[in-house]
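Novice: Next come a sequence and a model predicted from it.
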Amino acid sequence: MGKQENDAIEPSAPRRRWGYGAPLAQFLSEDAQSIIGALTTWHSFAVDPLQKVAWLEQISLLKDLLRPWATSTGALYFEYDIPRLGSRVDTVLVLEHVLFVLEFKVGASDYSRDANDQAWDYALDLKNFHEASHQIPIVPILVATKAEAKSLSIDTGHHDDGVPRPLHCNATSLADAIRLGLHHFPSERIEPECWQRGRYHPTPTIVEAARALYAGHKVDEISRSGADAENLSVTANRLAELIAGVRQRGDKAIFFVTGVPGAGKTLVGLDIANRHTDKEDSLYSVYLSGNGPLVSVLHEALARDQVTRAKQSGNTLRIGEARSAVKQFIQNVHHFRDDCLASSDAPIEHITLFDEAQRAWDLNQTAGFMSRKKGVEGFDQSEPEFLISCLDRHDDWAAMVCLVGSGQEINTGEAGISEWLAALRQRFDRWQVYLSPRLHEIEYHAHEELEALRTNPQAHWDDALHLATSMRSFRAARVSEFVNLLLALEVESARDALSEVLPNFPIRLTRHLDHAKAWLRQQARGSERYGIVVSSQAQRLKPHAIDVRVKVDPVRWFLESRQDVRSSYYLEDVATEFQVQGLELDWTCVVWDGDLRLSADQWDHFSFKGKRWEHVRSAARQRYLLNAYRVLLTRARQGMVIVVPEGSSEDPSRKPGYYDPAFGLLASLGIPRL
C-alpha cells in the first residue's frame with residue numbers, strides 16, 4: 001500500500017500518531033516493502049539500515065502469526081507516537097476485544113528490565129491518557145526474538161484496570177501470548193476506527209513536559225483537557241495573545257498567573273519560553289526559576305534527552321554541548337540577576353517568565369545576600385523590585401510573567417506576591433498589570449496591595465490567568481483541595497473531599513515505615529517513580545534511618561534508575577520540601593515528624609535544637625512549616641502513603657504524644673490503614 005492508501009485510515013484528528021496503520025486484512029495482503037516505504041516517509045530523519053531490517057523482521061513475524069485471525073476485527077499501528085514519554089511503541093495491535101502493546105527487541109537473547117518497563121509504560125500511558133483505551137484491556141508484550149521461551153501467565157498484581165505485567169516471549173511464542181491475552185480478558189469487541197479516533201490528553205510530569213516541549217511538541221499535545229480540567233492551552237494561548245498586544249503597543253506589562261499545586265503553571269511558562277528561543281527574535285524569552293533543584297533536574301533531563309534523540313537520528317551530540325544549549329532555555333533566576341548587576345544595559349530578553357514568583361526575596365533577605373555574597377553594601381531593593389527594573393531598562397517594550405503558587409513559601413525571606421505588587425505601585429506605576437482574580441484568596445497574603453490596585457486603570461483582571469485543576473494528580477482532581485482542607489483543620493470538608501479522592505487516588509496510613517515501603521513497591525508499575533519525602537525540620541526520624549541533614553542530589557534522586565542507590569527508587573535517601581517543590585513522583589511516602597503536631601484542635605509548630613524540640617513562635621516560620629507539609633502532601637501523581645511513627649516512651653524527643661493526635665486526625669478522616 002502506498003502513502004495515499006495508508007493515509008486513508010487516518011481519523012479526523014489533525015495529526016496522525018503512527019507511521020503506518022491498516023486494518024488487519026489489509027496489512028496481511030500488503031507488500032512488506034510498501035509498509036517500509038510508508039514508515040520511512042513518515043520519519044522526520046534518515047532511517048538507519050538496521051531499523052529497516054528490524055521493521056522487516058517484525059512485519060514478517062506478524063504476517064505469519066496473525067493469519068489465523070485474518071477474518072477477525074483488528075488493526076495494526078507501527079511506530080505509534082507517545083509524546084508524553086518522548087518515544088514510540090513498535091506496534092500497537094487491536095485484535096478482537098484486546099489491545100496489545102508489542103515492544104520488539106529483534107535479535108535480543110534476554111528480557112531486560114528496561115525493555116520490560118518500556119513496554120509496561122506504553123500500556124499504562126494509553127490506559128491513563130488515551131480516551132478510547134480507558135475501559136479496554138491492554139496487554140503489553142516484550143518480544144525478545146532470540147530469547148528462550150518462558151512460561152506465560154497473566155499477572156495483574158494489585159491493580160484491576162486491565163493492564164497486567166508484560167508477557168515475555170520470543171518469536172515463536174508470541175502467538176501463544178496473544179491467545180492467552182484474548183482468553184484471559186473477555187470483553188466487548190473493539191472497533192479499530194473508533195479506537196484510533198480517541199483523543200489523547202496526557203498529564204506529563206514536569207520533566208516529561210519539558211522534554212516534549214523542547215523536542216517540538218505543543219502544549220495541547222501533552223496536556224489533559226475536557227470538562228473536568230481547565231485546559232492549559234487556554235492560559236498559554238491567552239498569555240501569548242496578551243504579550244503580542246504588549247509588543248504591538250510598545251507597553252511594559254507584568255502578568256500574574258495563579259494555580260493550585262500541580263495545575264501546570266511551570267508547564268505554561270515553559271510553553272511560552274519554548275515558543276521564542278531564537279536570540280535574533282524580538283520576542284526572545286527565557287524561563288527563570290529560583291528553585292535550584294528544579295532547574296538542575298530539568299537541565300540534566302533535557303540534555304540527556306537531546307543526546308538520545310541525536311543518537312536515534314544518526315547524529316552525535318556530546319552531553320556538554322547539550323547542557324550548554326539547554327541552559328539558554330531554562331536559567332536560574334539568580335544568574336539572570338547577577339548578569340543585570342554586572343551591566344546596566346537592558347537584558348537581551350524582552351520576555352521573562354519567573355516560576356514560583358512568590359518565593360522571591362524581600363528587601364532584608366536581598367540586602368543581606370548582596371552584602372555577604374556580592375560585596376554590595378546598602379542595596380535598597382527587594383528581589384521583585386530589582387528584577388522588574390531590569391526589564392524596565394528596555395526603551396521599547398517588555399513583558400514579565402510571574403507564575404504564582406498558593407501557600408508555597410517555604411523559606412526565610414520569601415516575600416510572597418505582595419512584594420511584587422508593592423514594587424509596581426511604588427516605582428513602576430506605568431506598567432500594565434494583568435492579574436488572576438484568585439490573588440484575592442487568603443493564602444496569597446496580598447489583600448492590602450490588591451486593594452490599592454482596585455482603582456488603578458493600569459490593572460486588568462483576567463480569569464484565563466488561573467489554572468483551577470491539579471493536573472499532577474491526574475487520577476483525582478481534588479487532592480490539593482483535600483490537603484488544603486486538612487491543613488486548615490476543616491475536618492468535615494476534608495472528609496468529604498477525601499471520599500471523592502480515594503476511589504481513584506489511593507491514600508494509605510500506617511505507623512510502620514517498612515509497611516509503607518512495601519506498599520509503594522506493590523503499587524508502582526513500569527518505570528513509575530516513587531520515593532520518601534519528609535519535612536526539612538523532621539530531625540527525629542533518625543531511628544527510622546532518615547536523616548534530613550544528609551543532602552541528596554536531586555538530579556540523581558529524580559533521574560537515575562532503580563539500579564542506582566542514589567535514586568528515589570532505593571527508598572534510602574529522602575528528599576525534603578526544598579528538593580521536591582515544583583517536581584513530582586508517581587507515588588510518595590510522606591513521613592510525619594514531631595515538628596508539626598496537633599494540640600487542642602490546632603497545629604503546634606516545633607524546631608529541634610540541640611537535644612530538644614522548641615516552639616516556633618514566629619508567624620512567618622509557622623507558615624513556612626505548614627507550607628512544607630503542603631508541598632510534601634501534594635507531590636504524588638497516583639497515590640501516597642503517610643507514615644506517622646508511634647514514637648517511644650523511652651525517648652523524650654519522640655514521645656508518643658507528639659505523634660498520636662496527628663495520626664488520630666488522619667485516621668478519623670477515613671484514610672485506610674495498611
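Specialist: Received the coordinates, thanks. Numbers count the residues shown, from 1 in each chain.

Novice: Name the helix or strand for the closest residue to residue 574 other than its chain neighbours, please.
Specialist: Closest residue in space to residue 574, ignoring its immediate chain neighbours: residue 532 at 4.4 Å, by Cβ to Cβ, 6 or more residues apart in numbering. Placement of C-beta: from N, CA and C, glycine included. According to DSSP states H and E, residue 532 maps onto strand 530-534.

Novice: can you tell me how far the residue nearest to residue 574 sits from residue 589?
Specialist: 5 Å (Cβ to Cβ, to the nearest Å).

Novice: contacts for the helix or strand encompassing residue 364?
Specialist: Per DSSP H and E, residue 364 falls inside helix 363-374. Contact partners of helix 363-374, identified using Cβ atoms under 8 Å, 6 or more residues apart in numbering, comprise 338, 341, 361, 376-383, 386, 412-415.

Novice: buried ones in stretch 488-502?
Specialist: For stretch 488-502, the neighbour count (16 or more other Cβ atoms under 10 Å) marks 494-498, 501-502 as buried.

Novice: from these, which ones fall inside helices?
Specialist: With helices taken from DSSP state H, the overlap with the buried residues of stretch 488-502 comprises 494-498, 501.

Novice: quick one: contacts for the residue minimising distance to the centre of the chain?
Specialist: Centroid check for the chain by Cα atoms, centre = their mean gives residue 205 as the closest residue, at 1.7 Å. With contact set as Cβ under 8 Å, 6+ apart, residue 205 has these partners: 583-584, 637.

Novice: out of those residues, who has the most neighbours?
Specialist: Neighbour counts for the contacts of residue 205 (other Cβ atoms under 10 Å) peak at residue 637, which has 25 neighbours.

Novice: Surely that one forms part of a strand?
Specialist: Yes - inclusion of residue 637 in a strand is indicated when DSSP: H, G, I helix; E, B strand; the rest coil is applied.

Novice: Tell me how far it lies from residue 524.
Specialist: Where residue 524 is concerned, residue 637 sits at a distance of 11 Å (Cβ to Cβ).

Novice: what touches both of the two?
Specialist: Jointly contacting residue 637 and residue 524 under the rule Cβ under 8 Å, 6+ apart are 586-587.

Novice: Where does the prediction get shaky in the stretch 101-250 of the chain?
Specialist: When residues are selected by pLDDT under 70, those of the stretch 101-250 of the chain lie in 219-231.

Novice: What segments of it are helices?
Specialist: Assigned by DSSP state H, counting those that start in this stretch, the helices in the stretch 101-250 of the chain fall at 113-129, 174-184, 192-196, 206-214, 232-249.

Novice: Quick one: list the elements packing against the shortest one.
Specialist: Under the contact criterion of 3 or more Cβ pairs under 8 Å, 6 or more residues apart in numbering; DSSP states H and E, helix 192-196 touches strand 74-82.

Novice: Next secondary structure element downstream of the strand it packs on?
Specialist: strand 87-95.

Novice: As CSV, the ones in helices among the buried residues of stretch 488-502 with pLDDT would be great.
Specialist: Shown next, in CSV, are those (pLDDT from 0 to 100):
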residue, pLDDT
494, 98
495, 98
496, 97
497, 96
498, 97
501, 95
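
Novice: Columns distance to residue 190 on top of those, output as a markdown table?
Specialist: Listed next are these as a markdown table, based on distance: Cβ to Cβ, whole Å:
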| residue | distance to residue 190 |
| --- | --- |
| 494 | 40 |
| 495 | 40 |
| 496 | 37 |
| 497 | 35 |
| 498 | 35 |
| 501 | 31 |
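
Novice: which one of the residues you listed is nearest residue 661?
Specialist: Proximity of those to residue 661 (Cβ to Cβ) peaks at residue 494, which lies at 15.4 Å.

Novice: list the contacts for that closest one?
Specialist: Residue 494 neighbours (Cβ under 8 Å, 6+ apart): 482, 485-486, 669.

Novice: Could you tell me which of the residues you listed are located in helices?
Specialist: Under the assignment DSSP H, the contacts of residue 494 contribute 482, 485-486 to helices.

Novice: What sits closest to residue 95 if chain neighbours are left out?
Specialist: Nearest residue to residue 95, sequence neighbours excluded (Cβ to Cβ, 6+ apart): residue 74, at 4.3 Å.
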